[in-house]
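Participant: After the sequence you'll find the predicted model.
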Amino acid sequence: MSVFVLAVGNSPAVFYLHQEGVVRIGSFVNYSARQERDTELIWTFAQFRKYLQDRQGTSSATDFFRNVRTTVARVFHGLHHDRQTDGSCRDCYQLLEVTLFVSASLEPSVVTVTDHAQLRDLQMPSRILENTITLLLDRNPIDTEAAGFLERQIGSIVSTTDWKEACDNTVDVSCARSSDLRSLTETAIFRIKAQNYGFAFIGLSSSQDGREWLAKDAELVLSCLEDDYNDYGSQYSSKDSSQTLPFEKRCQYDSIFRSLLMAAKTFPAFPFQPSFHPLITTYAVNVPFNITSVDMEFIPADCATEISLASQTGTLNARRESFTVGIGENILTINVAKRSPTGAVPMRSYTFKLFRQDRDDVSTFDQKEVLADDNSTVTCSWMQTCDLKLYPNEPCGIQQEPAQFGSNTTFLCDTNQTERWILPCRSCSDESSCAWSKAVWSPDLCGPLPLKPVEVEQCLQNKKLVFIGDSTNRGIMAYMMQKFNGTLWEDEKIHSVKSYENLNGVNTSFTFAYYPQFWLPRPHRPSFSKTFHQALKAAGPLQNNSETVFVVGGLQFMSGIHVRELQKSLTKAKLEGAHVVIKTLGAGFFVPAHGVRHVSPDGLAKLVQVNQEIVAQSRQLGYQLVDTFAMTTSRYNEFSAGKCSCHFHSIIQNPPVSGNPKKTFSVRGRINALYSQSVLRQICSTNRN
């Protein structure tokens with residue numbers, strides 16, 4: 001361990017121990033071989049204190065650092081002034097580095113004391129040097145009135161017996177001189193100053209003429225002075241830092257550790273794999289299905305650094321923030337950055353991979369079991385969760401249906417029946433006994449079977465599909481392109497207008513136009529009609545028949561106004577005969593998280609009303625409809641990775657194929673697949689019997 005002591009003056013010399021230091025562990029190699037190795041592990045006192053607290057308890061850590069302070073103070077107690085130096089020098093200073101060896105039994109021993117008076121080639125935390133220089137240059141740390149108060153108190157202390165009885169009767173008042181009073185006053189003021197810069201008083205040398213009482217009892221005098229000074233109420237009073245060494249700060253101001261996180265935590269607490277260490281930068285965290293957001297706290301080793309998300313600009317407003325956790329892998333990359341005039345400069349990145357369970361991961365239903373003719377399987381339905389009950393008059397949670405799964409389900413096709421999820425379970429009183437991957441949206445049980453790849457190819461051949469909407473509509477397009485093309489050739493998050501021509505080697509095209517462009521200032525956002533015409537221009541010549549298909553919708557921007565605006569735009573473009581499928585609203589922003597808006601209870605009620613308006617307007621105009629709002633809000637907590645908690649799909653890279661260096665991608669997400677299949681069935685309904 002290295003600690004730093006500032007000696008000030010020489011008649012007597014006053015010694016101050018800084019509350020920060022360095023711990024070096026030279027044989028630390030007990031971490032993953034895949035991580036970058038350092039031959040020497042360097043810790044701050046705060047990190048070492050936490051290490052001791054975690055393994056041996058708070059009292060053990062407190063006792064250890066108290067022993068360190070006592071051991072260092074013992075070195076300087078009783079030192080005599082060098083009599084070969086002529087005169088006194090109240091402004092002289094000397095910065096000393098004290099190196100200690102700590103045994104396995106946590107017994108500290110002083111090894112060396114190194115002179116750093118020249119302040120050159122220092123190997124110390126920059127905060128200590130900064131504190132030292134600032135303290136020495138600070139001439140007016142307390143006001144003149146307070147200084148006068150201290151001087152008067154010292155005068156009363158050395159001239160009354162009350163103080164001697166209260167503090168220590170060993171003080172020899174007859175030895176006190178005016179120079180002693182002045183020295184005590186200056187020392188008291190400096191000691192109070194020093195606390196503001198992280199230094200704690202540890203002792204004095206003997207006086208120049210060898211009188212021992214100042215060295216022996218001055219600390220008691222100064223302690224009593226501080227009590228009086230605190231009662232006086234000066235704005236500079238502070239708690240004696242010698243009682244709290246080492247610091248209680250959670251971070252420091254040390255350039256040595258500037259690129260490191262001192263700690264990372266999750267709330268609720270989940271174990272990191274491997275256990276957190278400042279030198280390890282990649283971690284895995286397993287999160288159960290029922291947890292949709294996790295609070296994470298990041299504690300930098302250096303208070304002067306900034307903590308930011310690699311995926312966005314700006315710093316975290318607080319070092320503890322809430323993040324949504326979607327099904328599957330969620331990657332959170334944290335940058336530790338230093339401040340500069342041109343902005344934060346990343347120095348080190350930490351990656352946290354949060355893996356959240358799917359519903360089927362916690363299901364007790366054996367997915368390999370044959371459902372047909374299985375008397376132990378019952379048909380259950382699911383319309384809405386009980387923690388997000390959007391329809392007060394409808395039941396929530398798992399409900400019993402009057403049929404065995406896989407048998408006659410024509411009763412579900414009653415148009416008066418509310419749309420809902422139908423799924424097989426062992427018991428309708430236990431949702432964990434259900435096979436959620438086999439859940440089907442009730443209207444799909446009444447329509448044609450899912451399209452086979454050859455049917456999709458025949459249906460979409462020579463068609464031009466135009467998608468207008470946000471990323472949720474883009475997820476539908478990606479699924480349909482994969483169905484038609486066999487795979488995806490890119491994972492492009494389009495936020496503008498783009499066309500994909502001659503897919504699958506035939507005359508079929510997909511065009512996507514992002515709307516609304518919410519990241520732009522409102523005056524600069526393209527209107528719906530302008531976005532519509534941008535899409536027409538990108539798609540090229542369009543026929544006024546079912547060979548032209550418009551799929552319009554998004555998360556929560558849509559309203560009945562947009563449906564009417566679409567009809568006007570189609571009429572103006574002479575495309576009234578085009579095939580139109582309206583995608584309704586979707587679940588999103590229901591989970592509070594960092595950096596995103598959160599839908600309030602009043603906002604939820606409004607979304608229900610707006611969605612009903614979209615459905616009514618679409619049916620009135622003869623447009624086909626896929627009600628994604630009912631499908632997603634009922635299972636809102638099954639979203640994929642993404643801070644909006646609104647995506648029910650993810651695009652992943654496929655394993656490489658030997659001999660083919662080109663990357664390919666696939667769309668994942670069962671809920672997105674089901675409502676995308678509904679869109680496909682709507683488009684292809686005129687082609688099928």
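Facilitator: Received, thanks.

Participant: quick one: low-confidence parts of the stretch 101-250 of the chain?
Facilitator: When residues are selected by pLDDT under 70, those of the stretch 101-250 of the chain lie in 116-123, 139-186, 206-250.

Participant: 90 instead, please
Facilitator: Low-confidence segments of the stretch 101-250 of the chain (pLDDT under 90): 103-106, 112, 114-250.

Participant: What of the stretch 251-400 of the chain?
Facilitator: Looking at the stretch 251-400 of the chain by pLDDT under 90, you get 251-263, 275-281, 299-322, 336-348, 359-379, 387, 392-393.

Participant: Not counting sequence-adjacent ones, nearest residue to K389?
Facilitator: C396 (5.1 Å; Cβ to Cβ, 6 or more residues apart in numbering). Glycine gets a C-beta too; all of them are placed from N, C-alpha and C.

Participant: check contacts around that neighbour.
Facilitator: Listed by Cβ atoms under 8 Å, 6 or more residues apart in numbering, the contact partners of C396 are M383, Q384, T385, C386, K389.

Participant: residues contacting the first one?
Facilitator: Residues counted as contacts of M383 (Cβ under 8 Å, 6+ apart) are Y391, E394, P395, C396, Q399, T418, E419, R420, W421, A630, S634.

Participant: out of the contacts of C396, who's nearest T342?
Facilitator: Nearest to T342 among the contacts of C396: T385, at 47.6 Å, using Cβ to Cβ.

Participant: Can you classify the residue nearest to the closest one when sequence neighbours are not counted by secondary structure?
Facilitator: Spatially, and ignoring its direct neighbours in sequence, T385 is nearest to C396 (6.2 Å; Cβ to Cβ, 6+ apart). At C396 the chain is in coil, as set by DSSP: H, G, I helix; E, B strand; the rest coil.

Participant: ok, C396 to E547 distance?
Facilitator: Separation of C396 from E547 (Cβ to Cβ, to the nearest Å) stands at 43 Å.

Participant: before we move on, what about N330?
Facilitator: 41 Å.

Participant: out of the two, which sits in the more crowded spot?
Facilitator: Using other Cβ atoms under 10 Å as the criterion, N330 and E547 rank with N330 on top: 21 against 16.

Participant: What's opposite the more buried one in the beta bridge?
Facilitator: L354 (DSSP bridges).

Participant: how distant is the helix or strand containing F484 from the center of its chain?
Facilitator: Assigned by DSSP states H and E, F484 belongs to helix 471-485. When distances are taken as Cα atoms, centre = their mean, to the nearest Å, helix 471-485 is centred 31 Å away from the chain's centroid.

Participant: Just checking: what are the partner strands of the helix or strand following that helix?
Facilitator: Where DSSP H and E defines the elements, the next helix or strand beyond helix 471-485 is strand 497-500. Partners of strand 497-500 in the sheet, by DSSP bridges, are strand 509-514 (antiparallel).

Participant: can you pull out the strands in the stretch 351-500 of the chain?
Facilitator: For the stretch 351-500 of the chain, the strands defined by DSSP state E, counting those that start in this stretch cover 378-382, 398-400, 421-425, 440-441, 464-469, 497-500.

Participant: between the longest one and strand 509-514, how many degrees?
Facilitator: Right, strand 464-469. Angle, strand 464-469 to strand 509-514, by axes from the mean of the first three to the mean of the last three Cα atoms, to 10 degrees: 10 degrees.

Participant: Which one, of the strands of the stretch 351-500 of the chain, ends up nearest to F589?
Facilitator: F589 sits nearest to strand 464-469 of all the strands of the stretch 351-500 of the chain, at 16.3 Å, using Cβ to Cβ.

Participant: From the chain's centre, how far out is that closest one? Work that out for me.
Facilitator: Offset of strand 464-469 from its chain centre (Cα atoms, centre = their mean): 36 Å.

Participant: so how far does stretch 389-399 reach from one end to the other?
Facilitator: The first residue of stretch 389-399 is 15 Å away from its last residue (Cα to Cα, to the nearest Å).

Participant: for stretch 501-515, same thing?
Facilitator: For stretch 501-515, the end-to-end distance is 21 Å (Cα to Cα).

Participant: Contacts made by that stretch with the rest, please.
Facilitator: With contact meaning Cβ under 8 Å, 6+ apart, stretch 501-515 is reached by 457, 460-471, 473-474, 477, 480-481, 484-486, 494-500, 526, 528, 531-532, 534-535, 538-540, 554, 557.

Participant: Tell me the buried residues in it?
Facilitator: Along stretch 501-515, these residues count as buried under the neighbour rule (16 or more other Cβ atoms under 10 Å): L503, T508, S509, F510, T511, F512, A513, Y514, Y515.

Participant: now stretch 456-466: mean pLDDT?
Facilitator: Averaging pLDDT along stretch 456-466 gives 90.

Participant: Dump that stretch to PDB, restricted to CA.
Facilitator: Below are the C-alpha coordinates for stretch 456-466, written out as PDB (Å, rounded to 0.1, in the frame of the first residue of the first chain):
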ATOM      1  CA  VAL A 456     -46.300 -17.300 -50.900                       C
ATOM      2  CA  GLU A 457     -44.100 -17.300 -54.000                       C
ATOM      3  CA  GLN A 458     -47.100 -17.700 -56.300                       C
ATOM      4  CA  CYS A 459     -49.100 -15.000 -54.500                       C
ATOM      5  CA  LEU A 460     -46.500 -12.300 -54.400                       C
ATOM      6  CA  GLN A 461     -45.100 -12.900 -57.900                       C
ATOM      7  CA  ASN A 462     -45.200  -9.700 -60.000                       C
ATOM      8  CA  LYS A 463     -46.700  -7.700 -57.100                       C
ATOM      9  CA  LYS A 464     -45.400  -4.400 -55.700                       C
ATOM     10  CA  LEU A 465     -45.700  -4.100 -52.000                       C
ATOM     11  CA  VAL A 466     -45.500  -0.700 -50.400                       C
END
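
Participant: buried sites along it?
Facilitator: For stretch 456-466, the neighbour count (16+ other Cβ under 10 Å) marks V456, E457, C459, L460, K463, K464, L465, V466 as buried.

Participant: Then stretch 347-361?
Facilitator: For stretch 347-361, burial by neighbour count (16+ other Cβ under 10 Å) applies to R348, Y350, F352, L354, R356, Q357, R359, D360.
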